[in-house]
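Q: Fold the stuff below for me.
(one chain, ligands or ions: 1)
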Amino acid sequence: MSETAKIIIADQPYEFPVITGTENEKAIDTARLRDLTGYVTYDDGYGNTASCESAITFIDGEQGTLRYRGYDIQDLAVHSNFIESAYLVVYGELPTISQLQNFRHLILRNAAIHQGMFSFFEAFPNNSHPMAILSAMVNSLGCYYPEMASNNREQDLEHLDSAATILLSKVRTLAAMSYRMKYGLPFIHPKPELPYCSNFLHMMFSEPYADYKFNPVVDRALNLILLLHADHEQNCSTSTVRMVASGGANLFASASAGVCALWGPAHGGANMAVIHMLAQIHQDSDDGSRFVAAAKSGDKSKRLMGFGHRVYKNYDPRAKILRKTCADVLNTLGVNDPLLDIALKLEEIATHDEYFHARRLYPNVDFYSGIIMRAIGIPVDMFTVMFAIGRMPGWIAHWRELATGNSPIHRPRQIYTGSPRREFTPIDQR
Ligand code: ACO
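A: Numbering: from 1, shown residues only. Okay, here's the model as predicted:
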């Protein structure tokens, strides 16, 4: 017999179906609550609301588990790379050799930017934030592929394979261009022989007569950072993508909205905050202990950035993976970054401290990713852009899932707390 839940309002019981997920997560399906009772559920920020059913990513925050399409993130980190995992996230299955070759080929073929888009870059002030440029450019891309961005669901789905590879490929080119523009450097064209991440680093750091040198450890590290960010179920930007898509908007418009949502400091901006915090500790000649003591005061502005997570109440599995990668990259590049020593010290102090233990606060993915990107030479104001490149497969997968499902346009209810009805007073009588 299928499980149900009872809600009792004014002594009147109402029965609702219970939905059970693959991993036995339970939800009470209250879709008919308002029709039956006149009540709605209230959950500010949706912290306890499942907004959809999704087959893409599973997270168990208590255990520190993250899986894409059923595969543990640790296994993907060891055996896979960003492009293969992107295919998995978008299409639901690991690719065969020929599927992967074709996917790679399409990504490579789509790396260049339409000549017309270069003039957009010229129009932005030099100090524009790269996330502002990226969201504008991702949406503008749709103008060059009107058949893929028609807002006709059937037609957009027909072209999804092309649209997905265009976005995955060009988001990286656009990101590199926004960096070059900011520093007044000439744009560098992609190279067909380079793999995804090194091609990005080439477009970022090559000079007209001095090519960026391929480094397998750096390539692997960047692959890992992007792979670890590929999806994270219904976070702020992904929910935004689904919300925009639910109105029938095309993939480019929906992904562009995702970039805007990610820009916020409470979402994609936390990795920058970690570096700022470590630099401050270094500048204050603190070994971290004074900062940790202040972080325990309860003052939100003194929080240990890169620690704690809304969902993970255990070590963020992504942080575990990046901790080791961080040391590898610094060793390979011969970088002696005092910020890494401070980060390790902070982790050491905090993980042995009762305050952090009791509140189950552990390092999150942002704690090490920033140090790695800094060592590679990526400036701090590009960190959120890197997050956007990594998250693109997730946004595409969620757009696809929504577009191929039966979800209605998203339209939450509210509890109105404004003024009751009042009479309008003409301006000369106020
Ligand atoms: N440093 C010190 N104390 C903390 C921290 C921290 N980083 N995070 C939470 N706490 C404390 C709170 O003060 C609170 O203490 P109290 O119970 O004595 O009042 C307790 O832990 C619980 O805090 P909440 O805010 O309820 O925890 P929540 O799980 O809702 O917050 C959040 C998660 C917002 C990520 C928080 O841990 C935080 O601000 N961390 C620092 C910012 C950060 O690293 N963000 C990146 C998240 S990962 C990502 O977005 C990709």
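
Q: Dump stretch 67-85 to CSV, keeping only the CA atoms.
A: The C-alpha trace of stretch 67-85 is given here as CSV (Å, rounded to 0.1, in the frame of the first residue of the first chain):
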residue,chain,number,x,y,z
ARG,A,67,26.7,11.5,-6.7
TYR,A,68,26.2,12.5,-10.3
ARG,A,69,23.7,10.1,-12.0
GLY,A,70,24.5,7.5,-9.3
TYR,A,71,28.3,7.7,-9.6
ASP,A,72,30.2,8.8,-6.4
ILE,A,73,32.1,12.0,-6.8
GLN,A,74,35.2,10.3,-5.5
ASP,A,75,35.1,7.8,-8.3
LEU,A,76,34.5,10.4,-10.9
ALA,A,77,37.3,12.5,-9.5
VAL,A,78,39.7,9.6,-9.8
HIS,A,79,38.6,8.1,-13.1
SER,A,80,36.9,10.8,-15.1
ASN,A,81,37.4,14.4,-16.3
PHE,A,82,35.3,17.4,-16.8
ILE,A,83,34.1,16.7,-20.3
GLU,A,84,33.2,13.1,-19.7
SER,A,85,31.4,14.0,-16.4
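
Q: domain ranges for the chain?
A: Annotated domains of the chain cover 4-50, 74-214+251-263, 270-376 [automatic domain parsing].

Q: Could I get the ones you listed in JSON lines, plus columns for mean pLDDT, distance to the ligand and mean neighbour count?
A: C-beta coordinates here come from the backbone N, C-alpha and C atoms, glycine included. Shown next, in JSON lines, are the domains of the chain (pLDDT from 0 to 100; distance: least, CB to the nearest ligand atom, whole Å; neighbours: other CB atoms under 10 Å):
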{"stretch": "domain 4-50", "mean pLDDT": "96", "distance to the ligand": "8", "mean neighbour count": "12"}
{"stretch": "domain 74-214+251-263", "mean pLDDT": "95", "distance to the ligand": "10", "mean neighbour count": "18"}
{"stretch": "domain 270-376", "mean pLDDT": "89", "distance to the ligand": "2", "mean neighbour count": "18"}
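
Q: got CSV for these, with distance to residue 240 too?
A: Listed next are those as CSV, based on distance: least, CB to CB, whole Å:
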stretch, distance to residue 240
domain 4-50, 12
domain 74-214+251-263, 4
domain 270-376, 16
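
Q: between those domains, which one is nearest to residue 403?
A: For the domains of the chain, the distance to residue 403 is smallest for domain 74-214+251-263, at 5.7 Å, taking CB to CB.

Q: what's residue 19 in contact with, if anything?
A: For residue 19, the contacting residues are 26-29, 50, 53, by CB atoms under 8 Å, 6 or more residues apart in numbering.

Q: Spell out the secondary structure type for it.
A: strand (DSSP: H, G, I helix; E, B strand; the rest coil).

Q: Could you verify that residue 422 is part of a helix?
A: No - applying three-state DSSP, one finds residue 422 to be coil, outside a helix.

Q: which residues does it contact?
A: Residue 422 sits in contact with no residue, where contact means CB under 8 Å, 6+ apart.

Q: now swap in residue 401 and tell me
A: Taking CB under 8 Å, 6+ apart as the test, what residue 401 contacts is 54-56.

Q: again, 7 Å this time
A: By CB atoms under 7 Å, 6 or more residues apart in numbering, the contact set of residue 401 is 54, 56.

Q: Check residue 340 too.
A: 326, 330, 371.

Q: In JSON lines: those residues, plus secondary structure and distance to residue 10.
A: Below are the contacts of residue 340 laid out as JSON lines (DSSP: H, G, I helix; E, B strand; the rest coil; distance: CB to CB, whole Å):
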{"residue": "326", "secondary structure": "helix", "distance to residue 10": "57"}
{"residue": "330", "secondary structure": "helix", "distance to residue 10": "64"}
{"residue": "371", "secondary structure": "helix", "distance to residue 10": "57"}
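
Q: name the element the residue nearest to residue 192 when sequence neighbours are not counted belongs to?
A: In space, and not counting its chain neighbours, residue 192 is closest to residue 108: 5.9 Å by CB to CB, 6 or more residues apart in numbering. In this structure, residue 108 sits in helix 97-109 according to DSSP states H and E.

Q: And residue 242, by the same measure?
A: Residue 242 belongs to helix 236-246, assigned by DSSP H and E.

Q: for that helix, the distance to its chain's centre please.
A: 12 Å (CA atoms, centre = their mean, to the nearest Å).

Q: do the same with stretch 418-430
A: With CA atoms, centre = their mean as the basis, the mean position of stretch 418-430 lies at 45 Å from the chain mean.

Q: Ends of it, what's the gap?
A: When the termini of stretch 418-430 are compared using CA to CA, to the nearest Å, they are 20 Å apart.

Q: Kindly report the same for stretch 54-67.
A: Stretch 54-67: ends 13 Å apart by CA to CA.

Q: Check stretch 329-342 too.
A: First-to-last distance for stretch 329-342 - CA to CA - comes to 17 Å.

Q: can you check stretch 303-321 too?
A: 23 Å.

Q: what does stretch 103-123 give?
A: One end of stretch 103-123 to the other measures 33 Å (CA to CA).

Q: quick one on the thing from earlier: which strands and helices sit next to the helix or strand that the helix holding residue 242 is followed by?
A: Counting by DSSP H and E, the next helix or strand C-terminal to helix 236-246 is helix 251-263. Under the contact criterion of 3 or more CB pairs under 7 Å, 6 or more residues apart in numbering; DSSP states H and E, helix 251-263 touches helix 130-144, helix 160-182, helix 236-246, helix 383-403.

Q: can you give me the helices for the stretch 251-400 of the chain?
A: Secondary structure of the stretch 251-400 of the chain (DSSP state H, counting those that start in this stretch): helices located at 251-263, 270-283, 289-295, 317-333, 338-351, 354-358, 366-376, 383-403.

Q: Tell me which of those lies nearest to residue 160.
A: helix 383-403 (6.2 Å).

Q: and that closest one, is it in reach of the ligand?
A: No - judged by CB under 6 Å from any ligand atom, helix 383-403 and the ligand are separated, with a smallest distance of 7.7 Å.

Q: can you state the direction angle for that helix and helix 366-376?
A: Helix 383-403 runs at 120 degrees relative to helix 366-376, counting by axes from the mean of the first three to the mean of the last three CA atoms, to 10 degrees.

Q: Pick out the residue closest to the middle of this structure.
A: residue 391 (4.2 Å; CA atoms, centre = their mean).

Q: Can you classify residue 58 by secondary structure?
A: Strictly by three-state DSSP, residue 58 counts as strand.
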